[in-house]
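S.K.: Take a look and give me a structure for this.
(chains A, B, C and D)
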Protein chains: 2
Amino acid sequence: MTTRSTEQSYSGPQVCRLVGITYRQLDYWARTGLLVPSLASATGSGSKRRYDYTDVLEVKVIKSLLDAGVSLQRARRAVDCLRDGLGQDLASTSLVLTPTGSVLARSNGEIVDLLQGGQGVFNIVPLASVIDDLQADIVALGDGRAEGPAARHPATA
Amino acid sequence: MTTRSTEQSYSGPQVCRLVGITYRQLDYWARTGLLVPSLASATGSGSKRRYDYTDVLEVKVIKSLLDAGVSLQRARRAVDCLRDGLGQDLASTSLVLTPTGSVLARSNGEIVDLLQGGQGVFNIVPLASVIDDLQADIVALGDGRAEGPAARHPATA
DNA sequence: CGTCGAGACGACATCGATGTAGTTCGAATT
DNA sequence: AATTCGAACTACATCGATGTCGTCTCGACG
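M.R.: As a prediction, the model looks like this:
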């Protein structure tokens, strides 16, 4: 259903434009192991990192969490959990960070249950909007194609 | 109920013990204006800050948010909102930080509504547990008394 | 081949939040 | 009033995350 051919791949700068973070951030995340590109890690000067669609999705989730004031470390743990559930239908799922760990909740009911008993703060990321957003951005960035001529400048934004 | 009458007051170090933060943190928050003690700000070396019950509650909410990885700045904005709703019955309320602002939600239904339409991350603090916790800690800290004959100011609400 | 550009790398600077240590003052106690 | 103690103050160090800049290297293309 998702318009992913075999496997789209994205360069670092492309990912940055897609999700709206700086290259330094992505670079830092890759260097510190917070988010390793699935397709190809850097192997030295001149090499190129290659990111997966799911990588980009994770980056976008991380950015969302950062925007919400959540620290990188916590964001990373949350994304670990997200990765575990990648098989599921994420569009109808929310990523919930509880004080004791992160889970994927597949309904509002589950969320309410979690809130009920929990003490502490919950960070909730409705994944639907993140995925929609990302899809739109991918389309906007060069007709849905990821590779090729690195997608011309998108109006410099 | 014999305990906590109208207006207890707490010293800085007391607040720290109550909510489990370091004095340095509370000090920093007071100095940077993030959380000004309601009853008495510091007026120089040797002076003493005096905190309100609601101050302590706010501190505890801030700590909860910090534990959840939320930045101080965002936490502060959230607490602003909390302060606005201090009149209400907070025990059955959740503090919800949305991407666009913070609100007090008085039911799970409200929360679900918020989640439904929103994009981005939500930080949700069920206040009941915070309040319970705090009450228990206050009792544990000296029989419910806040501090001996220390200042009893009206301080309004 | 030699040039060139994109992107990774390295060494810094910065900024917010906090820890540590020592100093100084106000106020309660003697 | 003098002592003492607690708490605020000052100055510095630290740590994570990021910005800046300059360098290096791979790969493409002339």
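
S.K.: Please, where are all the helices along chain A?
M.R.: A:12-19, A:23-31, A:53-67, A:72-84, A:108-117, A:127-140 (DSSP state H).

S.K.: so which of the ones you listed gets nearest residue B:24?
M.R.: Nearest to residue B:24 among those is helix A:72-84 (21.0 Å), distances taken as Cβ to Cβ. (Glycine included, C-beta is placed from N, CA and C.)

S.K.: Next, see if the closest one gets close to DNA strand D.
M.R.: Yes - contact of helix A:72-84 with DNA strand D (Cβ under 7 Å from any atom of the strand) involves A:72-73.

S.K.: for that helix, packing partners?
M.R.: Under the contact criterion of 3 or more Cβ pairs under 8 Å, 6 or more residues apart in numbering or on different chains; DSSP states H and E, helix A:72-84 touches helix A:53-67, strand A:94-98, strand A:101-105, strand A:122-126.

S.K.: Please indicate which of those has the most neighbours on average?
M.R.: Among these, ranked by average contacts under mean count of other Cβ atoms under 10 Å in any protein chain shown, first place goes to strand A:122-126 (a mean of 25).

S.K.: Next to DNA strand C, which bits of chain A? Give me the list.
M.R.: So chain A meets DNA strand C at A:11-14, A:23, A:27, A:30-31, A:42-49, A:150 (Cβ under 7 Å from any atom of the strand).

S.K.: among the residues you listed, which ones are buried?
M.R.: The neighbour-count test (16 or more other Cβ atoms under 10 Å in any protein chain shown) marks A:11-12, A:14, A:30, A:42, A:49 as buried among those.

S.K.: By pLDDT, give me the weakest of those residues.
M.R.: Within the set of those, pLDDT is lowest for residue A:42 (90).

S.K.: Roughly how far does the nearest residue to it once chain neighbours are set aside sit from chain B?
M.R.: Nearest residue to residue A:42 in three dimensions, chain neighbours excluded: residue A:49, at 5.1 Å (Cβ to Cβ, 6 or more residues apart in numbering or on different chains). Per Cβ to the nearest Cβ, to the nearest Å, residue A:49 is found 26 Å from chain B.

S.K.: Correct me if wrong: residue A:49 contacts residue A:41.
M.R.: Yes - if you go by Cβ atoms under 8 Å, residue A:49 and residue A:41 touch, sitting 6.3 Å apart.

S.K.: Mind listing the shared neighbours of these two?
M.R.: residue A:30 (Cβ atoms under 8 Å, 6 or more residues apart in numbering or on different chains).

S.K.: picking up where we left off before, which residues sit in contact with the residue nearest to residue A:42?
M.R.: Applying Cβ under 8 Å, 6+ apart to residue A:49 gives the contacts A:11-12, A:30, A:37, A:40-42.

S.K.: How confident is the prediction for the nearest residue to residue A:29 once chain neighbours are set aside, by pLDDT?
M.R.: The shortest distance from residue A:29 to any non-neighbouring residue, by Cβ to Cβ, 6+ apart, is to residue A:35 (4.4 Å). Note on residue A:35: pLDDT of 92.
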